[in-house]
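> Sharing a model prediction with you, sequence too.
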Amino acid sequence: MITPELVARINELSRKKRSEGLSEAETKEQASLRRIYLDSIRAQMKQMLDSIEIVEEPAGYDAPSAELEMSHRILDFQKEMCRPFIDSEHIH
C-alpha cells in the first residue's frame, strides 16, 4: 500500500543518494521501498483493468474485430505492468 510516509522515505533516500550517497543498508531499504511502491501501482492498475466492463456498444462498433483489438490492447498493457521494473531510478 502506498502511504505518504512511504513516498516521503523514498524521496528522502533519493535526495540523500544524490547529495552524499547511501550506505549499503540504505541502498537495500531504497530498493525494498521502491519494490513495494511499484508492486502497489501494478496491483492498482491490474484491479482497474480487471474491473472494466463494456456495457453498451458504440455506434459503428464492429463487435468481433473491435472487441478482439481491445482485448489485445488490455492484455499487452497488463503484460507491460507485470514485467520487472528495470530502471528504478525514475522514482523520486
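It's in.

> secondary structure class for Asp39?
The local conformation at Asp39, judged by DSSP: H, G, I helix; E, B strand; the rest coil, is helix.

> Neighbours of it, how many?
Per other Cβ atoms under 10 Å, the neighbour tally for Asp39 reads 13. Where C-beta positions appear, they are placed from N, C-alpha and C, glycine not excepted.

> One more: Gln30?
20.

> ok now do it, which residues does it touch?
10, 13-14, 17, 22 (Cβ atoms under 8 Å, 6 or more residues apart in numbering).

> Swap in 7 Å and give it another go.
Neighbouring residues of Gln30 by Cβ atoms under 7 Å, 6 or more residues apart in numbering: 13, 22.

> Now name the helix or strand holding it.
helix 24-50 (DSSP states H and E).

> now that helix, how far from the centre of its chain.
Remark: helix 24-50 is offset 7 Å from the chain centroid, using Cα atoms, centre = their mean, to the nearest Å.

> Name the residues of it that come out as buried.
30, 33-34, 37-38, 42 (16 or more other Cβ atoms under 10 Å).

> likewise stretch 8-23?
10, 13-14.

> moving C-terminal of the helix holding Gln30, what's the next helix or strand?
Counting by DSSP H and E, the next helix or strand C-terminal to helix 24-50 is helix 63-82.
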